[in-house]
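> Got a predicted model here, sequence first, then my questions.
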Amino acid sequence: LHRVSLFLLDKKRIETIRMEGSPVIQGYDNCPEWAPVLGYMGAASCIILANWGSAWGTWKAGLGVCSMGVHFPKGVIKNIVPIVMAGVLGIYGLIVAVIIAQAVNPPSENGNMYSVYNGWAHLGAGLCCGLSCLASGATIGIIGDVGVRAFGLKASSGKRHWDDAGDGGDAGDAAAMEARAVEGSNKLYVGLLIMLIFSEALALYGLIVALILSQNTYYCDA
């Protein structure tokens, strides 16, 4: 009888320890104290990489526009499109970074409620949007740089704007040559816009996937 009592007492004690220890182990595995680090890394990487891509695209395309303005000043405003498209990339990163930062909950009196699942999801969302914007910015910058330079040379027929006067040729031939140059430059401009649109689409794809990833959440119970 004494052995049976000890056995039942030990069994009850084991069950009590197991019941009391299970929530602690589960909370430690799912919601450790370092879990918010992953979420904040996702927000930081998203805005940093997106701004990097935006600055890269603006830098490269801006150099091309400034160089083209020397040959063909009339086309500066028309060819400002790559710079605007590169600047939008920073907005994509800002949107996703704000969504991730707001989803990271601070620890409460009952412990940390932010799970590792949320951390990895938000880190993946930040990297998805940030790297997509970085690749898109580099593509927009290179295409914009080469495209606007080529547009300026095509529209000006390879001449500087101060060389227009004093050719001494027939005015009709000059007008016909200018019309052909404008027509050819417009065709080149259409192709340039199509390439820029599909380059911008790379960042848009990353933004869509990042928004979907940021909606996958799991919070530990109080």
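Sure thing, it's come through.
> what's the nearest residue to the residue positioned nearest the centre of the chain if we skip its chain neighbours?
Nearest residue to the geometric centre of the chain (C-alpha atoms, centre = their mean): Cys133, 3.1 Å. Computed as C-beta to C-beta, 6 or more residues apart in numbering, the closest residue to Cys133 that is not its neighbour in sequence is Ala50, at 3.9 Å. Yep, even glycine has a C-beta here, placed from its N, CA and C like the rest.
> got it, and Ala138?
Take Ala138 and drop its neighbours on the chain: the residue closest to it by C-beta to C-beta, 6+ apart is Trp56, 5.5 Å away.
> Over to Gly53?
Closest to Gly53 by C-beta to C-beta, 6+ apart is Gly137, at 2.7 Å.
> Low-confidence ranges, the chain, go.
1-29, 158-182, 184, 222 (pLDDT under 70).
> repeat that with 50
Within the chain, the stretches with pLDDT under 50 are 2-9, 11, 14, 16-28.
> residue ranges of the strands in it, please?
For the chain, applying DSSP state E gives no strands.
> related to what we said a few turns ago, now the residue nearest to Cys133: how far from Lys74?
Per C-beta to C-beta, to the nearest Å, Ala50 is found 33 Å from Lys74.
> Equivalent analysis for Leu123, please.
According to C-beta to C-beta, Leu123 stands 48 Å off from Lys74.
> neighbour-wise, which of these two wins?
Leu123 (22 against 12; other C-beta atoms under 10 Å).
> Just give the number of residues close to the closest residue to that one other than its chain neighbours.
The shortest distance from Leu123 to any non-neighbouring residue, by C-beta to C-beta, 6+ apart, is to Gly42 (3.9 Å). Using other C-beta under 10 Å, Gly42 has 31 neighbouring residues.
> likewise Glu109?
The burial count for Glu109: 5, using other C-beta under 10 Å.
> residues contacting the closest residue to Met85 other than its chain neighbours?
Leaving aside its chain neighbours, Met85 sits nearest to Glu200 (5.1 Å; criterion: C-beta to C-beta, 6+ apart). Residues in contact with Glu200 (C-beta atoms under 8 Å, 6 or more residues apart in numbering) are 85, 88-89, 136, 140.
> So which of these are in helices?
Among the contacts of Glu200, the subset assigned to helices under DSSP state H consists of 85, 88-89, 136, 140.
> Name the nearest of these relative to Cys128.
Ser136 (12.4 Å; C-beta to C-beta).
> Thought Gly87 was touching the closest one, still the case?
No. Contact criterion C-beta atoms under 8 Å: Ser136 and Gly87 do not qualify, at 12.0 Å.
> which of these two has more neighbours?
Ser136 (30 against 16).
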